Structures are given as structure tokens and as C-alpha cells.
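>>> Need the 3D shape of this:
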Amino acid sequence: MIPLDLQLLIFAVMTLTGIFIGVWYDFNRAARESLRWRGPLGDLLDVVLWAGAAFLVLSALLLSNWGEFRFYVLVGLGLGVWVYRAWAGPVVLPWWRSFFQLLRRAAGALGRLSAPIRGMRDRLPRLPGLPRLPRLPRLPALPPLFRALKPKK
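Residues are numbered from 1 along each chain as shown. Okay, here's the model as predicted:
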């Protein structure tokens with residue numbers, strides 16, 4: 001029989017694990033919504049989320065409870081996710097969305113800042129006796145991962 005104080009400690013660890021999984025889920029959700037990751041990339045992000053969550057739960061079980069799965073472990077996980085979704089989720093999810101919108105705007109600003117550099121070759125004065133600078137090749141099309149970061153015109 002496991003002592004009560006150890007059971008309470010295991011319950012607290014699993015509750016914190018549930019809260020962390022809730023935070024991670026909202027991070028994933030905000031990333032998919034804000035960066036518009038759909039299709040295979042969104043599916044891959046979901047697989048990473050749930051594989052990581054399973055690894056986290058199993059690690060917490062092994063470290064706190066020697067891998068024994070008891071009913072209060074499941075209750076602790078569920079309580080942690082519920083506490084996060086009920087109380088902290090409405091505050092944290094908008095923060096994550098703002099964070100990813102800021103990332104999108106920063107990527108768009110970098111793209112706009114680099115635009116004048118691309119046409120600089122034709123604007124430079126030509127000095128006599130010096131060879132003309134070669135044209136820089138155009139960059140290839142953006143891979144699907146970065147298309148969401150490209151600013152809209």
C-alpha cells in the first residue's frame with residue numbers, strides 16, 4: 001500500500017502534468033490558427049503534440065509512481081487539464097495568438113525591409129573602368145512551411 005502523502009504527491013505531479021499538457025495544446029492550437037498550418041503540416045504538428053504528451057505522461061508516471069497507473073493518476077491528469085482550460089486557458093490562449101501574430105508581422109517586415117536591397121544593382125552609379133556587377137539570381141519559391149509567413153499584398 002502506498003502511503004497517503006506519497007499518493008498526494010503523485011496526484012499533484014499528475015495535476016501539474018495535465019496543466020502543462022493544456023498549455024502545450026493551446027500553444028499548438030494558436031500556432032495552427034495564426035500561422036494557418038493546415039493539411040500535412042498541421043497533421044504532423046498534431047502527431048508531435050500527442051506523442052510528446054504521451055512521453056510526458058509516461059515520464060511523469062515513471063518518475064513519480066514507478067510506472068504504476070492508478071485511478072487517481074487519471075483523475076489528476078483530467079483535473080489538471082480542466083483547471084487549465086477553465087481558469088488559465090482564457091488568458092493564455094489569447095497571449096499565444098498574439099505571440100504568433102507578432103511572429104508573422106516580424107517575418108513580413110523582414111520581407112518588406114529586404115525589398116529595396118533586391119533592386120539596388122540597377123540604382124548604383126557605374127564607375128568607368130569597373131565591370132558591371134552581376135545580377136543576383138531570384139530566390140526559389142517558398143516551401144509550403146513558409147508560405148504562411150509571406151506577407152499578403
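
>>> Show me what the helix or strand harbouring A12 is packed against.
Element membership for A12 (DSSP states H and E) is helix 4-34. Applying 3 or more Cβ pairs under 8 Å, 6 or more residues apart in numbering; DSSP states H and E, we find helix 4-34 packed against helix 40-65, helix 71-83, helix 89-118. The C-beta positions use only the backbone N, C-alpha and C, and glycine is treated the same way.

>>> okay if I get the ones you listed as CSV plus distance to L8?
Shown next, in CSV, are these (distance: least, Cβ to Cβ, whole Å):
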stretch, distance to L8
helix 40-65, 11
helix 71-83, 9
helix 89-118, 25
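
>>> chain center to the helix holding A12: distance?
Its chain's C-alpha centre and that of helix 4-34 lie 16 Å apart, by Cα atoms, centre = their mean, to the nearest Å.

>>> any idea whether E68 is helix, strand or coil?
coil (DSSP: H, G, I helix; E, B strand; the rest coil).

>>> confidence score at it?
On pLDDT, E68 comes in at 85.

>>> Give me the nearest residue to it, chain neighbours excluded.
Nearest residue to E68 in three dimensions, chain neighbours excluded: L61, at 7.4 Å (Cβ to Cβ, 6 or more residues apart in numbering).

>>> In contact with the one you found, which residues?
By Cβ atoms under 8 Å, 6 or more residues apart in numbering, L61 lies in contact with 14, 67-69, 73.
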